[in-house]
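# please find the sequence and the predicted model below.
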Amino acid sequence: MKLPDSLREQFKIPLGLLLPIGQDNRENIQKYLLDDSYIITVGDRTTEKMIEFGIIPSLQIIDGFEKRQKRDYPKIGKESELKIDNPAAEITLQSIQIIKKAFEMSSPVRLIVNGEEDLLVLPVCIHAPENSVVLYGQPNKGLVLVQITTEIRNKAQTLLDMMK
């Protein structure tokens, strides 16, 4: 499924709460997490930031880039790794299947994307377990924190359905 140019602006609207740069600290993030929260990060910098805060994401989706600049993968150590191809501005059916598989594995799981991971926030929001919190970066704005609810699942599915 490809992102049509007509939807690009729609995808710049945060799916959840935007913690502006400077307010995206451990204390503010921790307020939205429960002890049993299934934490999902999408993006290298977001994943790295959570690890630095001592918050180990259950599922980490990374591509080795930050703002289109190649970078080293965030360091953690003990996660299982899955690899997929997912071209820029697309969501492949394989990516959706691997995300579903990742949710069935013992965490932490790291999904390394050859291509681009940004849009994978949508299938993550649709298929995430009930107690999930998704974190992803909003370029030059801050960190988006999405608590998974039926409303969020429906919104993500609607956006996914608009892609061809």
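Perfect, thanks for sending it.

# which residues sit in contact with residue 38?
With contact set as C-beta atoms under 8 Å, 6 or more residues apart in numbering, residue 38 has these partners: 58-59, 107, 128-129, 131-133. Any C-beta I mention is one placed from the backbone N, CA and C, and that applies to glycine too.

# what about those residues, which are in strands?
Per DSSP state E, strands hold the following members of those: 59, 132-133.

# got TSV for these, with neighbour count, distance to residue 16 and pLDDT too?
Shown next, in TSV, are the ones in strands among the contacts of residue 38 (neighbours: other C-beta atoms under 10 Å; distance: C-beta to C-beta, whole Å; pLDDT from 0 to 100):
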residue	neighbour count	distance to residue 16	pLDDT
59	26	16	97
132	21	11	98
133	22	9	98
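
# residue 131: neighbour count?
15 (other C-beta atoms under 10 Å).

# how about the contacts made by it?
For residue 131, the contacting residues are 34, 36-38, 148, by C-beta under 8 Å, 6+ apart.

# related to what we said a few turns ago, of the ones in strands among the contacts of residue 38, closest to residue 18?
Of all those, residue 18 sits closest to residue 133, with 14.2 Å by C-beta to C-beta.
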